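Participant: The sequence isn't on hand, but the structure is:
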């Protein structure tokens, strides 16, 4: 456990907590966490997760823009629906992309857990995209992805990060509940016209 890992954990918890609250500051804390973890994962030869952090940074800027635009129009960050067919299609695409990325890591790098890391990276990227689009499905996907991450980080002796991801499971479940409450209120306001 290093000071870098401790700091990255703290910044990550703040970022996820602000995301649950739909606070625009979440994007800045998440950006800092991605940079910190990119370096940390690289030092542990978790290349899939390292590369993932850079994709997160790109999606992070997209999410910030999308949330800011929505807030300027609605004066609130509204929860948006996603069709089941689209969920299935995007998850299938993430699985295929993860497999291709994993095989690349397996045959061309000395990655510690190439196939698992790549699948987790692909589904994490999808979950981050869903967060930027304000879909409740993001929290469901994060619950499952974070559970698997806990095991992988224990395997790599990143115990504090494993603890962070265990906390993320709880935060994602709370986020799912919180965003469901917000969505229900938004639907009720739309019906009553208030």
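Facilitator: Good, I have the coordinates. These numbers were taken from a predicted model, which means no experiment stands behind them.

Participant: buried residues in the longest helix along the chain?
Facilitator: Secondary structure assigned by DSSP state H gives helix 159-192 as the longest helix of the chain. For helix 159-192, the neighbour count (16 or more other Cβ atoms under 10 Å) marks 161-162, 164-169, 171-172, 175-176, 178-179, 182-183 as buried. From N, CA and C alone the C-beta is placed, and that goes for glycine too.

Participant: residues contacting residue 111?
Facilitator: 45-48, 105, 117 (Cβ atoms under 8 Å, 6 or more residues apart in numbering).

Participant: Look up how far residue 150 lies from it.
Facilitator: Using Cβ to Cβ, to the nearest Å, we find residue 111 at a distance of 19 Å from residue 150.

Participant: Give me the residue ranges of this protein where confidence is low.
Facilitator: Residues of the chain that meet the criterion pLDDT under 70 lie in 71-76, 193-194.

Participant: tell me, what residue is most central in it?
Facilitator: By Cα atoms, centre = their mean, the chain has its centre lying nearest to residue 128, at 4.2 Å.

Participant: quick one: what helix or strand has that one in it?
Facilitator: Using DSSP states H and E, residue 128 falls within helix 114-132.

Participant: Distance from that helix to the middle of the chain?
Facilitator: From the chain centre to the centre of helix 114-132 is a distance of 7 Å (Cα atoms, centre = their mean, to the nearest Å).

Participant: and it with helix 159-192, angle?
Facilitator: Between helix 114-132 and helix 159-192, the angle comes out at 30 degrees (axes from the mean of the first three to the mean of the last three Cα atoms, to 10 degrees).
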